[in-house]
Structure formats: structure tokens, C-alpha cells
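In: sequence first, predicted model second:
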Amino acid sequence: MKAVTAQHIKKSYNGVQALKGVSLEVEEGEIFGIIGPDGAGKTTLFRILTTLLLPDSGSAMVKGFDVIKAYKLIRRKVGYMPGRFSLYHDLTVVENLRIFASLFNTSIEENYDLIKDIYQHIEPFKKRRAGALSGGMKQKLALSCALIHRPEVLFLDEPTTGVDPLSRKELWEMLKKLKKQGIAILVSTPYMDEASLCDRIALIQHGIFLKTETPQKIIAQFENILWSVHSKQMFQLLKDLRSNPHVLSCYAFGDTHHITVEKKKAAPHEAAITIAELEAFLKEKGHLDIKIDPIQAGIEDSFLELANK
Amino acid sequence: MNVIIAKNLTKTFGDFMAVDHISFEVKKGEIFGFLGANGAGKTTAMRMLCGLSKPTFGMGQVAGFDIVKQSENVKACIGYMSQRFALYEDLKVWENLRLYGGIYGLRNAQINRKIDEMLNRLGFQAEKNTMVSALPLGWKQKLAFTAAIFHDPKIVFLDEPTGGVDPAARRQFWELIYDTADRGITVFVTTHYMDEAEYCNRVSIMVDGRIDALDSPKALKEKFQVSNMEEVFFQLAGKAKRKDS
């Protein structure tokens, strides 16, 4: 049985199509990442899969149950952590957790082993009001609350948005541990670098999946010739590279720029311009310390390529 | 010329030392990255520099004005944009800019000329009469940035300006930042994207209220003997005693 399946889900609000026919299958014990910018439709999809919103058309199942007909059953089987902190600010840490446990007819003690790794970080502050917690602590409390009834499928909507790189790393380590317990995890994120931490990912933009694959395969399926370029004047370099007729696209990527290069018509595996020729072109424009290398694409390169198709 | 000077700038809340004697300078036209983990003290430091919060100790100058005694002068010559900063969704593109121009005391004729100049530069003239609510996020962010520099501030403070936008829009935004710095406006920016730290001329990294590192990205990577800024960040932020978690 698949943990989650969806076929051709569509949803519009006020004439705007948030989802334009999205299909997916998530395996048991898999970390499935839905990766894309704000407004791509991530939250709408999560709300439909967690039975909080009805699709206009299409169907979806969670653990073999239909999200419309069997919504009550599904709600017992899933844990959902919304993007916005939605616990009770005026209750303490432990009170929040107790409420969630009792709503599902269980207790903190009964499922303590599952949340232990996460909850331990905030247990010393268990008498503090949730509203007075720091961002990272709120996030850990919300995750504990989403897990306290031992869900079979966990939905995390942008758990790392606005979180610093170190705390993001910690959260992903927690998710890996939960996966080992057999919980299927659907997680959405706007950070492309988190793709490699998922078993499979769907790249989403404007309400459609651009591609669903393992991160390794998405990268391997990159079609263009990709080079990294560096010189002393990076901003000017961006403009000069774009002025070259053989350069198809040029984007800043940290300390280098990534360019895709036109292919030879006769030999489509070769670039229409050599590295030496491009270097000469840039030298003529006055660039110093030029460094050009062929490189492997990353997820962001793939996203940019797929989004431009 | 230094447009920001901080000397032992400190802010305590009760026993808690949010910002702990930080000292640094930012040069005119520089893109200065202000990094740190959540809770390291970035927002508190930034609020002091914007004249919104008084330091407990130490001094600061922004565009030549004292951040305590001349905080109103400071406010008039800076721009500010935060990640979640909303433009007015129910106003048109030009109306939003008109409002900002008015708040900063520009004259009507000046405002109208500026609106056209700015929209042309952005290639956004066709959307002049569009309701902001109908714009894609990437465009809203560019427009919010334009509003923040509408009155030609000396310095613009950007608090996580690119959160959540798509990879192409994120890069277009940085080109706008480069362009702004090229025209002499100093850019002071926070971000959680470590590739963006590479676009800065210099970056500082705050740990437990202190500035534990400040240099160009290249020099920092050499010092910590790593290949990217993310590793630099992990090494420094990993030493924090004040755990956000």
C-alpha cells in the first residue's frame, strides 16, 4: 500500500488556479519533498491531503482511505504541522502537548518514546507559555504536538522557512530518525538545497509539478551544457556573459555564475563555443582572473531549466 | 567613507545580553551581509541602527547621525524592507510608491517623476495601474525594494528580503541589489541563504550577541579552510552557547 496517492488534483480560489492537476504517490517510510517557491500551491495541496480542504476535482487517498469519504479516519492517522505556528500561545508547553494527546485519546507518557528526541530540547521549559518561546523552540513544540498521537503519515508545511542553516540541519536529522520508525513524511520547502535530504522530490511551480523523481535523477536528467564562470568583477561579468550569443542563460550562484551554453547543431554533446574562446571573449571585455569550468548541475540549476521550458 | 559606525554597541533586556559590545564599520556603496543564527541578536542590532531602539551601552552613527541623539535624522535617510513587509495589497503599484514618497516628504511633482523613472528602470511601466494583490511574489518583493529606496536613502536595510521566492526571482533581486550599490546606496542585508552571503563585499557573523567574524567571503573561507560560506556558518554558529533550541 502507498502512504499517499493523488490523481489530477485541481483547486481554484477566486478564479485563481492554485493547483492545476497534481498527481503523486508516496511510499511507506519515505521522505517526500515538495519543493517550490511561495504561491506555487504547496499549502493548498497539504490542506487537501490532510482533509482540511476539498479539491475541485481529482481524488486522493491517505493510507488507502479516501480524503473526502473517510476524512475522520484519516485525521487519526496523520500528523500535520502547518507553516504558521498554530498552537495555543497562552498555554504552557506541556499544556499544549497534553491537549493534542487528549484530543487523540492518548497521553504524553504513552507515546513519549516517539517524541523524546525532539521534546527533550524543550522539556526544561515545559512550564513556559508557548507564546514566549523562541522560533526554534516553537518549531520543536509544534513537531512534538504533530507526533504525539503516533501518526502514520506526517505532513510538514515549510518547517524550515526563515530558520537559520544550523537549525535547519538539526530538523532534518530529526526527520531522518522519524523515517526509521516507519513514518512516511511529506515535507514542503522553498529551500532547494534541502532536496538532497529527501528520498524523492516534486518540483512545483504555478500549481503544477515540473518533475517528480529522486534528487539524483533530477540532476542527472539536466539537459544543457553547464559551466561555472568566475572573474574579479562579478556583477559586470553577469552582463558580459549575457551579451555573448552562445550563452543561453546566466545566473549568479554564490561565488561563481552558472551559464548554459548553446550546443553544436552537428554534435549536440559539444558546446558551440570552447572554454578558451569564451575566456578570450571575457578578456577582451577587460575581465581579470577568469576561471571557467564545466560542472555538474545542482537542484537549483534543474529547477531553473525546468521552469524555463 | 564610513556610513555606519558601531562602537561597543550593546543592548540588554534584564539579565539578557541581546547584543554584546559589537563594533564595526560599513563603507559607502558596500554590500554588507549581516549573518547569524536565529536569536543571535541580528534584529536587535538592526533596530538600534535604524533608530528604533536605544542601546544600553556604546554608540552608533548612521549616515553621520548619532543613532540616539539624532534618531529622527537617521530614519529620514535610511530605507527598510523586511521579508514579510507588506505593500498595501489593495493599492495600485503607483499608489504604493506615491504613499512612500509622501511619507518621506517628497513633493508631488518629484514623486510623479520618480515613479516613472523607477518603473522604467525595473521594466515595470506596464504594471503601473495593477493592483499589488495581483502581482507574483517575486515582483512584490522588487516593488517593496523600490519603495524602500524611493527617497534615495544613504543606506537600505534588508531583512531576509528573498525568503520564499523562486530561484530565478531570487537572483533577479540580487541583481537589483548590485545595481543599487553601484549607484552608491549602501546595502545592509540579512539572509539565511548562504550562497547569497557570497554576493556581499563583506559579511559579519553574529554568535550569542557578539560579532565573531567579519571579513570578505573569500577571506573567511580561507581562514576557516572550507569551500563555502555554509561551512563557515556551521563552524561559528555551532559554537553558540545560547541555544535557540
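Out: Yes, it's here.
In: number of nearby residues for residue 60?
Out: Just going to use chain A. By other Cβ atoms under 10 Å in any protein chain shown, the residues close to A:Ala60 number 23. For the C-beta atoms, the positions are set from N, CA and C on the backbone; glycine is no exception.
In: that's the wrong chain, I wanted chain B
Out: 22.
In: before we move on, which element is it in?
Out: strand B:57-62 (DSSP states H and E).
In: quick check: next helix or strand after that strand?
Out: strand B:65-66.
In: now that next one: average pLDDT?
Out: Mean pLDDT, strand B:65-66: 97.
In: before we move on, the earlier item: name the helices or strands packed onto the strand holding B:Gly60?
Out: The contact analysis (3 or more Cβ pairs under 8 Å, 6 or more residues apart in numbering or on different chains; DSSP states H and E) places strand B:57-62 against strand B:2-13, strand B:16-27, helix B:42-49.
In: the strands in the stretch 1-150 of chain A, which residues?
Out: Secondary structure of the stretch 1-150 of chain A (DSSP state E, counting those that start in this stretch): strands at A:4-13, A:16-26, A:31-35, A:57-62, A:65-66, A:78-81.
In: please read the previous query as pertaining to chain B.
Out: Under the criterion DSSP state E, chain B carries strands at the ranges B:2-13, B:16-27, B:31-36, B:57-62, B:65-66, B:78-82, B:155-159, B:186-190, B:202-207, B:210-215.
In: pull out the buried positions in the first one.
Out: When burial is assessed from 16 or more other Cβ atoms under 10 Å in any protein chain shown, strand B:2-13 yields the following buried residues: B:3-6, B:9-11.
In: that one packs against which elements?
Out: Strand B:2-13 sits against strand B:16-27, helix B:42-49, strand B:57-62, strand B:186-190, with contacts defined as 3+ Cβ pairs under 8 Å, 6+ apart.
In: now for the second one, which elements pack on it?
Out: For helix B:42-49, the contact count by 3+ Cβ pairs under 8 Å, 6+ apart identifies strand B:2-13, strand B:16-27, strand B:31-36, strand B:57-62, strand B:155-159, strand B:186-190 as packing neighbours.
In: what mean pLDDT would you report for the second one?
Out: Averaging pLDDT along strand B:16-27 gives 96.
In: sheet partners, orientation included, of that strand?
Out: strand B:2-13 (antiparallel) (DSSP bridges).
In: and the contacts of the strand it pairs with?
Out: B:17-28, B:32, B:41, B:44-45, B:48-49, B:53, B:55-64, B:154-155, B:186, B:188 (Cβ atoms under 8 Å, 6 or more residues apart in numbering or on different chains).
In: so what's B:Ala240 up against?
Out: B:37, B:40, B:207-208.
In: can you narrow the residues you listed to ones near chain A?
Out: B:Ala37 (Cβ under 8 Å from any Cβ of the partner chain).
In: point out where the stretch 201-309 of chain A drops to low pLDDT.
Out: Filtered on pLDDT under 70, the stretch 201-309 of chain A yields no residues whatsoever.
In: make it 90
Out: A:254-255, A:265-269, A:308-309 (pLDDT under 90).
In: whichever residue of it sits closest to chain B: neighbouring residues, count only.
Out: In the stretch 201-309 of chain A, no residue comes nearer to chain B than A:Gly254, which is 3.8 Å away by Cβ to the nearest Cβ. Using other Cβ under 10 Å, A:Gly254 is surrounded by 18 other residues.
In: measure it to B:Val226 for me?
Out: Distance, A:Gly254 to B:Val226, by Cβ to Cβ, to the nearest Å: 13 Å.
In: distance from the chain centre to stretch B:118-131, please.
Out: In terms of Cα atoms, centre = their mean, to the nearest Å, the centre of stretch B:118-131 is set 23 Å apart from its chain centre.
In: what's the end-to-end length of that stretch?
Out: Distance across stretch B:118-131, first residue to last, is 17 Å (Cα to Cα, to the nearest Å).
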